[in-house]
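K.L.:
whatever this is, show me its structure:
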Amino acid sequence: MEDLLNAFFLMSNFVFVPAIAYGSQLALGAVGVTLVYGILRFSNFAHGDTMAFGTMFVILFTWLFQSYGINLGPLPTALLALPFGIIITIVFLLGSDKFVYKFYRAKKAVPVTYLIASVGIMFVLNGIVRFIIGPNDQRFADGERFIIKAKTMKQFLGTAEGVSIKVSQGLTVVTAIIVVMVLFWFLNKTRTGKSMRAFSDNEDLALLSGINPDKVVAVTWILVAILATIAGTLYGLDKSFKPFTYFMLLLPIFASAIVGGLGNPLGAIAGGFVIAFSEIMITYPYKKFVAYIVPGDWKPEGLVQLLATDYKFAVSFIILVLVLLFRPTGIFAGKSV
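P.N.:
Predicted structure coming up:
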């Protein structure tokens, strides 16, 4: 019985808890992608670098607050800096819409034109981030590190393994729940949110109903900026900040949005957890776990790992391809890609 408990704690430490936190981060990113696709009708390839851009300013303001001795005690100082990162990201996205996307909307450009424009903005954002903060890892988490320590649980239960939950993981899950609840309330209960949904369902009918398209577009970019900055900051707190990593996050984020159903926010959330659990479970070495649940003579010598951790993004790619081939509308039947 103790071995089974140890096996469960081991999986909780290295699979379940990290996957829930990572899934929450992907879900927030994927909702931003699906909002752009559902309302503005193009795939925003700049989303990963938008996350990096917003997070960079959160880090800069965090360092500023830390230099003056301002902090939140056990919680990360980045929470104080988050509103400043969000505001700067909102200004940038509204500016990019005004000077880039608005021109193509006036020309009634095809979606691929917007996609190519977003790639250009992606490179601009990538260059800005690398120029200001550099290409290397940046760690900006402070405050308490753990909510629950494995060592404390081991001593309390007398087991070989214990569950540990980091503050960044708990903060990620709680923040994601709050943000998603507020977002769904906004989209379903407010007049602006209902206008956005109507615009997404039928643009021509929405315009005939007197809905202001400029307002819908502006609010969409504001929501995207908020979601991207929060997701990027939570990812950076949980792991670390590196511009190239955020660029690579574009693949699992798009995979999450497409698996759940592109254009469907609920599907994007579900897709985020599908991708997160798939990546972590397929790349985790199960040697120690198997040793707990099988007789001593059957203990494996190898890592019992389906795929090396370095190839975790390949899991997202494979799932993405399979979904596009067999169910292009995703789990929740969003818009076909």
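
K.L.:
any idea how far stretch 191-198 is from the chain center?
P.N.:
In this view, stretch 191-198 has its centroid 24 Å away from the chain centroid, taken as Cα atoms, centre = their mean, to the nearest Å.

K.L.:
same thing with stretch 140-156?
P.N.:
24 Å.

K.L.:
try stretch 244-263
P.N.:
Averaged C-alpha coordinates place stretch 244-263 at 8 Å from its chain's average position (Cα atoms, centre = their mean).

K.L.:
pLDDT of that stretch, averaged?
P.N.:
Here stretch 244-263 scores 93 as its mean pLDDT.

K.L.:
residues in contact with the least confident helix or strand in the chain by mean pLDDT?
P.N.:
Every helix and strand of the chain was ranked by mean pLDDT, DSSP states H and E. The lowest is helix 203-208, at a mean of 82. Outside of helix 203-208, the residues within contact range by Cβ atoms under 8 Å, 6 or more residues apart in numbering are 195, 198, 199, 213, 216. C-beta coordinates here come from the backbone N, C-alpha and C atoms, glycine included.

K.L.:
list the helices and strands the one helix or strand residue 83 maps to packs on?
P.N.:
Assigned by DSSP states H and E, residue 83 falls within helix 78-96. Contact partners of helix 78-96 among helices and strands, from 3 or more Cβ pairs under 8 Å, 6 or more residues apart in numbering; DSSP states H and E: helix 47-67, helix 213-238.

K.L.:
as TSV, those with mean neighbour count would be great.
P.N.:
Below are the helices and strands packed on helix 78-96 laid out as TSV (neighbours: other Cβ atoms under 10 Å):
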stretch	mean neighbour count
helix 47-67	24
helix 213-238	23
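
K.L.:
what angle separates the helix or strand containing residue 35 from helix 213-238?
P.N.:
Take DSSP H and E as the rule and residue 35 turns out to sit in helix 17-35. Angle, helix 17-35 to helix 213-238, by axes from the mean of the first three to the mean of the last three Cα atoms, to 10 degrees: 160 degrees.

K.L.:
report the angle between helix 17-35 and helix 47-67.
P.N.:
Going by the same axes, to 10 degrees, helix 17-35 makes 120 degrees with helix 47-67.

K.L.:
re the thing from before, mind listing what's buried along the least confident helix or strand of the chain?
P.N.:
Across helix 203-208, burial judged by 16 or more other Cβ atoms under 10 Å covers residue 206.
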